[in-house]
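> coordinates for the following, if possible.
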Amino acid sequence: MAEVIIKPVNSKADLKSFIKLPYRLYKNNPCWVPHLLLDQKVLHDRNKHPFWEHSIAQYFLAEQNGKVVGRIAAIVDHKHNEFHEEKTGFFGFFETIDDYTVAEKLLQAAKDWVGSQKMNNFRGPVNPSQNEESGLLIDAFDSPPVLMMTYNPPYYVDFIERFGLKKAMDLYAYYAEGKEPPPAKLVRVAEAVRKRYKIVVRPINMKDYDNEAKKVWYVYNKAWSKNWGFVPMTENEFDHLAKNMKDAIVPEINLIAEIEGEPIGFSISLPDLNRALIHTNGRLFPTGLLKILWHRRKIDLVRIIILGVVKEHRHKGIDAIMYLDTWRNAGEKGYWRGEMSWILENNEMMNRSAKMLGGKIYKTYRIYEINI
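This is a model prediction of the structure:
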């Protein structure tokens, strides 16, 4: 068997090979959804994507017989380590042919580089952080991912575990259908809470989008601060994310909760545009944009990405109002299926809520780690 050579990505040509590898590896896989190439080029540009304002990385390619057969990124997120007071390095953007030698050499190269940066823990996959796509799919390989979720073939699980990486945390994806009326208990609790606390839950105002995004950013960094792996998003990171999401937003299913004008919670749900992107091969032109517009009309599934309330207003049932309004509004817009993802396995409140809505865990994503 030909030797596997690991080389650092040091040129524009190397980076191009790094970005384009998945489009070749998954070419005949009906479950893989290509990212838009334009978005990938921005994500991997250290001068354009705001994640790189507080992070460093070394990318690697695996070559065999002069052909690229794998890739990986070794990442150090200084903001993560500062927030958690630890020395964790990450790996991400991991792709390989079905050959353990390739996977082993890539993982070892990333681990060694992270170690050279004085890190003592190696964790992943994250692409490039938990604020973006993260986790390795460990089951349900027979269906495409929803928007902003990952996909990989089954053999990745074996390769990563053979390397010695152990489970750090599981991330759950729940599936639910909403053709029936919402549960009576949910309606009863939501309406009682709405009256008791004089809470206003309203759709995002698209005419004041930038200011609305700032309210969401404020609540996000405040409400999620105790979650496992959480890293506060910088203003530049959140602005970038909000800008990218804007065209996908349906206001009626993206909600802000307020008390006397003060934002205290929000929920974000997006139509599963992957049902359209799967037809594009990652390109908007010459026909990709038309395909997206055509297939978007048929989308009946939404991803409930995130829902939360600041600590001082939790346990009042405010989340019930947002769940109820999302359920009703989604149905009125023609969305009757939903994925709630991802939810940390140790987030008892969110797991309980997902089950109350009739959700069942149908996919599990795993983040692994190993001491260095």
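
> can you give me the helices in the stretch 201-350 of the chain?
For the stretch 201-350 of the chain, the helices defined by DSSP state H, counting those that start in this stretch occupy 209-223, 235-245, 274-277, 288-296, 318-332, 348-356.

> please identify the buried residues of the shortest one?
Looking back up the chat, that one is helix 274-277. Asn274, Arg275, Ala276, Leu277 (16 or more other C-beta atoms under 10 Å). Placement of C-beta: from N, CA and C, glycine included.

> enumerate every residue touching Arg366.
Arg366 makes contacts with Gly135, Leu136, Ile138, Val157, Lys167, Ala168, Met169, Asp170, Leu171, as judged by C-beta atoms under 8 Å, 6 or more residues apart in numbering.

> got phi/psi on it?
phi -130, psi 140 (degrees, to the nearest 10).

> show me what it bridges to in the sheet.
Leu136, Asp170 (DSSP bridges).

> tell me who's in contact with Gly164.
Gly164 neighbours (C-beta under 8 Å, 6+ apart): Ile370.

> give me that answer again for 10 Å
Glu104, Leu107, Lys111, Phe122, Tyr368, Ile370, Asn371 (C-beta atoms under 10 Å, 6 or more residues apart in numbering).

> and for Ala190?
182, 199, 201, 317-325, 327.

> picking that back up, what's the farthest-apart pair in the contacts of Arg366?
Val157 and Met169 (15.2 Å; C-beta to C-beta).

> for Pro145, state which of the contacts of Arg366 is nearest.
Relative to Pro145, and with distances defined as C-beta to C-beta, the nearest of the contacts of Arg366 is Gly135, at 10.5 Å.

> that closest one and Glu345 touch, don't they?
No. Gly135 is not in contact with Glu345 according to C-beta atoms under 10 Å; the separation is 11.1 Å.

> those two: which is more packed in?
Using other C-beta atoms under 10 Å, the more surrounded residue of Gly135 and Glu345 is Gly135, with 25 against 16.

> how close does the more buried one get to Glu369?
12 Å (C-beta to C-beta, to the nearest Å).

> one step back: okay, the contacts of Gly164 in TSV with secondary structure next?
Formatted as TSV, the contacts of Gly164 follow (DSSP: H, G, I helix; E, B strand; the rest coil):
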residue	secondary structure
Glu104	helix
Leu107	helix
Lys111	helix
Phe122	strand
Tyr368	strand
Ile370	strand
Asn371	strand
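
> which member of these is positioned nearest Tyr220?
Nearest member of those to Tyr220, counting by C-beta to C-beta, is Tyr368, at 25.6 Å.

> ok, and the closest non-adjacent residue to the closest one?
Sequence neighbours aside, Leu165 is the residue nearest to Tyr368 in space, at 3.7 Å (criterion: C-beta to C-beta, 6 or more residues apart in numbering).

> which residues does the one you found contact?
Here Leu165 is in contact with 91, 107, 111, 122-125, 136, 159, 366-370 (C-beta under 10 Å, 6+ apart).

> repeat for Thr326
Thr326 sits in contact with 178, 182, 201, 252-255, 267-269, 302, 304, 307, 335, 338, 357, where contact means C-beta under 10 Å, 6+ apart.

> now do 6 Å
Ile253, Ser269 (C-beta atoms under 6 Å, 6 or more residues apart in numbering).

> mind checking pLDDT for it?
Note on Thr326: pLDDT of 96.

> gap between it and Leu270?
Counting by C-beta to C-beta - Thr326 and Leu270 are separated by 12 Å.

> with Ala276 instead?
On the measure of C-beta to C-beta, Ala276 and Leu270 end up 12 Å apart.

> so Gly89 is in which element?
strand 88-96 (DSSP states H and E).

> direction included, what does that strand pair up with?
strand 67-77 (antiparallel), strand 121-124 (parallel).

> buried set for the helix or strand that Ala192 is a member of?
If you go by DSSP H and E, Ala192 is part of helix 184-197. By 16+ other C-beta under 10 Å, the buried positions in helix 184-197 come out as Leu186, Val189, Ala190, Val193, Arg194, Tyr197.

> tell me which of the strands paired with strand 88-96 sits nearest to Val33.
Using C-beta to C-beta, the nearest of those to Val33 is strand 67-77, at 18.1 Å.

> coming back round to it: kindly reformat the strands paired with strand 88-96 as CSV containing mean neighbour count and distance to Tyr59.
Below are these laid out as CSV (neighbours: other C-beta atoms under 10 Å; distance: least, C-beta to C-beta, whole Å):
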stretch, mean neighbour count, distance to Tyr59
strand 67-77, 24, 5
strand 121-124, 24, 14
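
> in JSON lines: those, plus distance to Lys215.
Shown next, in JSON lines, are the strands paired with strand 88-96 (distance: least, C-beta to C-beta, whole Å):
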{"stretch": "strand 67-77", "distance to Lys215": "25"}
{"stretch": "strand 121-124", "distance to Lys215": "31"}
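
> any chance of those in a markdown table, plus distance to Asn28 and mean pLDDT?
Shown next, in a markdown table, are the strands paired with strand 88-96 (distance: least, C-beta to C-beta, whole Å; pLDDT from 0 to 100):
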| stretch | distance to Asn28 | mean pLDDT |
| --- | --- | --- |
| strand 67-77 | 16 | 99 |
| strand 121-124 | 26 | 99 |
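
> which residues sit in contact with His44?
Here His44 is in contact with no residue (C-beta under 6 Å, 6+ apart).

> ok, now Ile72?
Phe60, Phe91, Phe94, Leu106, Ala110.

> good, we can wrap up now.
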